[in-house]
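*Asks:* Sharing a sequence plus its predicted fold:
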Amino acid sequence: MILESVTIVEIKPSAPFHFDTTFHKPAHFTSGDNYWESGIRWQTFRFLGKYLGVIFRNTGSVEIPKIEVEIYSSRPLANDLVAEFIQEIQYRYNLNFDLNHFYQHFASDTKVGPVIKKMRGLRPGHQDSLYEYLIIGIVLQNCTVRRSIQMMQILFEHYGTLLEFAGKQFWCFWDLGDLKTVPEAELRSLKLGYRAKSIKKTDDSFAKGVVNENELRQQDLDTQKTKLLNLYGIGPATVGYLLFDVFHHWDYLDHISPWEQKIYSKLIFDQDPNHPVTVRKLFSYFNRFGPYKQLVIHYLWEDLWWQRKNQPIPWLEKLIRA
DNA sequence: CATCAGGGCCCTG
DNA sequence: CAGGGCCCTGAT
């Protein structure tokens, strides 16, 4: 599908804002629906029934932020839809989030202070809808990064739509409920394994309205958590990521998996990853960051992965099996 | 060649 | 609450 109609909108995020660390998270695996280079991000969206190809450009600075958003579509977009889309973008990338409160509290912390200084303006957030994030979460489970990327790619090729805009091509997600007519056996034949069942059931729950993202955003944390855990194939690890990335609970920390335990042990206590500190000790360390404890982890984590982009980190390579 | 564990989760006992 | 099974893949 070729998208030729262009709408241009300017967004002014709250300051400070750092474009690259917000629009590119090197810790996330790459997928065929986006691309990043310094100062520019391509991303497709399935939004309110439309296929959108979007280019975000950094046209400001950390202290005077500005983003130019080019929205490509097959036909001209109604103003209302554009406004709603921009609002959604501001939500997903937390463009109005006030980082100053967080910074003031922890600027003097010996471990975290230098990182928030270095990563000044980084926003948490994620480009995908809840439904899309769930699919990614399922595809991540119990396998290596390479396999996750393969499964995501094959899903795009079978159920996504290839969009062309501004001379580039990217895959776009299918809509929730679109897998209704797809038999579980077909997903299995695409080498999704036992995840086929989880994907089918999750898709079905959205199609039937058992889960509705906009409603869920209005609910409290416990309701969100319960509803997400009720989805077949979704457990505490995936829910942890969702509550932070999609529902923006900056303090949600409930679960530290063994591989994360090793990485945090090295980062915080400089422990050999083969002899990590106890999970208990990690919880008690992170608890000091109260309402921002998961945000602190996000900062440490992203800092580490940005470092890795510039120069491989031997102890980390062994743990991530990229 | 065979075996095993991986950026979980479900189900059973 | 512990532990086996699940799909497939690459490492050993």
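*Replies:* Arrived safely.
*Asks:* Please make it C-alpha for all contacts and neighbour counts, starting now.
*Replies:* OK.
*Asks:* can you pull the pLDDT of A:Asp178?
*Replies:* pLDDT, A:Asp178: 97.
*Asks:* how much space is there between it and A:Phe206?
*Replies:* According to C-alpha to C-alpha, to the nearest Å, A:Asp178 stands 10 Å off from A:Phe206.
*Asks:* and A:Pro233, helix, strand or coil?
*Replies:* In this structure residue A:233 is Gly, not Pro. coil (DSSP: H, G, I helix; E, B strand; the rest coil).
*Asks:* Quick one: neighbours of it, just the number.
*Replies:* 20 (other C-alpha atoms under 10 Å).
*Asks:* Over to A:Arg41?
*Replies:* Neighbour count of A:Arg41, defined by other C-alpha under 10 Å: 19.
*Asks:* just checking, it touches A:Ile55?
*Replies:* Yes - between A:Arg41 and A:Ile55 there is a contact under C-alpha atoms under 8 Å: 5.6 Å.
*Asks:* Can you read off the backbone torsions of A:Ser14?
*Replies:* Dihedral pair for A:Ser14: phi -70, psi 150, per degrees, to the nearest 10.
*Asks:* Give me the distance between it and DNA strand C.
*Replies:* Per C-alpha to the nearest atom of the strand, to the nearest Å, A:Ser14 is found 43 Å from DNA strand C.
*Asks:* re earlier: give me the more crowded residue out of A:Asp178 and A:Phe206.
*Replies:* A:Phe206 (17 against 14).
*Asks:* tell me which element that one is part of?
*Replies:* helix A:195-207 (DSSP states H and E).
*Asks:* What of A:Ile256?
*Replies:* Following DSSP H and E, one finds A:Ile256 outside all helices and strands.
*Asks:* Mind naming the longest helix for chain A?
*Replies:* helix A:293-310 (DSSP state H).
*Asks:* packing partners for that one?
*Replies:* Counting contacts by 3 or more C-alpha pairs under 8 Å, 6 or more residues apart in numbering; DSSP states H and E, helix A:293-310 packs against helix A:112-118.
*Asks:* now what about whatever helix or strand comes next after the helix it packs on, what contacts it?
*Replies:* Heading C-terminal from helix A:112-118, the first helix or strand you meet, by DSSP H and E, is helix A:130-140. For helix A:130-140, contacts defined as C-alpha atoms under 8 Å, 6 or more residues apart in numbering pick out A:148, A:151-152, A:173, A:176, A:192, A:195, A:198-199, A:202-203, A:206, A:213, A:233-234, A:238, A:242, A:246.
*Asks:* Can you name the next helix or strand after helix A:130-140?
*Replies:* helix A:145-159.
*Asks:* ok, and the closest non-adjacent residue to A:Gln127?
*Replies:* Closest residue to A:Gln127 apart from its sequence neighbours, by C-alpha to C-alpha, 6 or more residues apart in numbering: A:Arg92 at 5.9 Å.
*Asks:* quick one: the longest helix of chain A near DNA strand B?
*Replies:* No - applying C-alpha under 7 Å from any atom of the strand, one finds helix A:293-310 separated from DNA strand B by no less than 9.8 Å.
*Asks:* Tell me the spacing between the residue most central in space within chain A and DNA strand B.
*Replies:* In chain A, the C-alpha nearest the mean C-alpha coordinate belongs to A:His126, at 3.3 Å (C-alpha atoms, centre = their mean). Computed with C-alpha to the nearest atom of the strand, the distance linking A:His126 and DNA strand B is 12 Å.
*Asks:* before we move on, back to that, hmm, the residue nearest to A:Gln127 is touching A:Gly125, no?
*Replies:* Yes - contact criterion C-alpha under 8 Å: A:Arg92 and A:Gly125 qualify, at 5.6 Å.
*Asks:* Can you check which residues contact both of these two?
*Replies:* Contacts common to A:Arg92 and A:Gly125, judged by C-alpha under 8 Å, 6+ apart, are A:Val246.
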